[in-house]
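In: missing the sequence, but the structure's below:
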């Protein structure tokens, strides 16, 4: 059975697009983790605002410190989410460029390289923000009686 050159070209592009699709899956899992952490931060801030400090014997000074701590964590997670989303958008652009280049018979290798490098830089930065947030969260951890 003879395969037409167009089908063969599309099949090759699909093969090239498989790795970025797996990367996109990993980034989406990371986004799930990041949004869950942000939800936990928001829940804790709402609990503090709602009067929960009296249950935890927090002084006003402790409460302000915890709000600052939560605000810093939320900022870091927000940056991580934004950068991970940017990474995902760049990966989508890589996939689109691969298919457009094949469909329009234009050279896109340089564009694909630049987009992929940008996606890796965004992912690297997102992971750094995530690592920093984890550090800030564990630094402020209170264990045992106060």
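Out: Sure, I can see it. What you are looking at is a predicted structure, and each value in this text was computed from that prediction instead of being measured.

In: quick one: buried residues of the strand or helix carrying residue 115?
Out: Using DSSP states H and E, residue 115 maps to helix 109-139. By neighbour count on 16 or more other Cβ atoms under 10 Å, the buried set for helix 109-139 is 111-112, 115-116, 118-119, 122-123, 125-126, 129-130, 132-133, 136-137. Where C-beta positions appear, they are placed from N, C-alpha and C, glycine not excepted.

In: Now do the one helix or strand residue 42 maps to and helix 109-139, the angle between them.
Out: Using DSSP H and E, residue 42 falls within helix 5-49. Taking axes from the mean of the first three to the mean of the last three Cα atoms, to 10 degrees, one finds helix 5-49 and helix 109-139 inclined to each other by 20 degrees.

In: Going by contacts, tell me the helices and strands next to helix 5-49.
Out: Packing partners of helix 5-49 (3 or more Cβ pairs under 8 Å, 6 or more residues apart in numbering; DSSP states H and E): helix 60-104, helix 109-139.

In: How far away from the center of its chain is that helix?
Out: For helix 5-49, the separation from the chain centroid amounts to 7 Å (computed by Cα atoms, centre = their mean, to the nearest Å).

In: Next: stretch 64-78.
Out: The answer for stretch 64-78 is 18 Å, by Cα atoms, centre = their mean.

In: who's in contact with it?
Out: 34, 37-38, 41-42, 44-45, 48, 58, 129-130, 132-133, 136-137, 140 (Cβ atoms under 8 Å, 6 or more residues apart in numbering).

In: Check stretch 95-103 too.
Out: 9-10, 12-13, 16-17, 20-21, 24, 106-108, 111-112, 115.

In: Over to stretch 34-54?
Out: Here stretch 34-54 has contacts from 58, 62-63, 66-67, 70, 73-74, 77-78, 80-81, 84, 126, 130, 133, using Cβ under 8 Å, 6+ apart.

In: Give the rounded mean pLDDT of it.
Out: Average pLDDT, stretch 34-54: 86.
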